[in-house]
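In: Sequence and predicted structure, then a few things I'm wondering about:
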Amino acid sequence: MNSKTNAGACVDASSDTSRFDTAHADALQAIAASGDLPLDIHDMCRHRRACGFTDDLALSECEAQAINTRLYGMSAISALLVGADDDGAFKLSRWLQGGLHSALYALTEDAQAVLHRANEKASEAQKASAA
């Protein structure tokens, strides 16, 4: 993975975890100096959590239902994938597993898109009220 991302760019300094985040960023920078960064899911999630959402969001009934429906779908797919692991109660073909992974990804992206659109609306409303 050839990531040139600054590992400490989106640290939430107001949280109690900022000390850990700084140490984590320093460790990642040391690893980066020795070659490619390893895949770090925790770091990716932390960056997503810390960046972008700065206003309170008001979701319409339709938007809330869209997110809820996608979360139910993700839960069902996760249950199938967990049930079909090595020690699970049943087996799924690789083709079906791949399809479920793709569906899980699509549902996640759709739910995030609803939140990002709501965030953009809140940001625009905040700017309009400040003007």
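Out: Perfect, thanks for sending it. Numbering: from 1, shown residues only.
In: secondary structure class for Met44?
Out: The three-state assignment at Met44 reads helix, by DSSP: H, G, I helix; E, B strand; the rest coil.
In: Near it, how many other residues are there?
Out: Using other C-beta atoms under 10 Å, Met44 has 12 neighbouring residues. No exception for glycine: its C-beta is placed from N, CA and C like everyone else's.
In: do the same with Thr108
Out: The number of residues packed around Thr108, counting by other C-beta under 10 Å, is 14.
In: Over to Asp43?
Out: Neighbours of Asp43 using other C-beta under 10 Å come to 20.
In: now swap in Ala79 and tell me
Out: By other C-beta under 10 Å, 10 other residues sit near Ala79.
In: List the contacts of the helix or strand containing it.
Out: Assigned by DSSP states H and E, Ala79 belongs to helix 61-83. With contact meaning C-beta atoms under 8 Å, 6 or more residues apart in numbering, helix 61-83 is reached by 59, 88-90, 92, 97, 100-101, 103-104, 107-108, 110-111, 114-115, 117-118.
In: ok, 10 Å please
Out: 57-60, 88-92, 96-97, 99-115, 117-118, 121 (C-beta atoms under 10 Å, 6 or more residues apart in numbering).
In: For the protein, give me the ranges with low pLDDT.
Out: 1-38, 47-55 (pLDDT under 70).
In: Starting from the helix holding Ala79, tell me the next helix or strand along the chain.
Out: Assigned by DSSP H and E, the successor of helix 61-83 is helix 94-130.
In: so that next one versus helix 61-83, what angle?
Out: Relative orientation of helix 94-130 versus helix 61-83 (axes from the mean of the first three to the mean of the last three C-alpha atoms, to 10 degrees): 150 degrees.
In: For helix 94-130, name the packing helices and strands.
Out: helix 61-83 (3 or more C-beta pairs under 10 Å, 6 or more residues apart in numbering; DSSP states H and E).
In: May I see the buried residues of the helix it packs on?
Out: 63, 66-67, 70, 73-74, 77, 80 (16 or more other C-beta atoms under 10 Å).
In: about what we covered before: pull out the buried members of the contacts of helix 61-83.
Out: With neighbours counted by 16+ other C-beta under 10 Å, the contacts of helix 61-83 contain buried members at 59, 92, 100, 104, 107, 111, 114-115, 118, 121.
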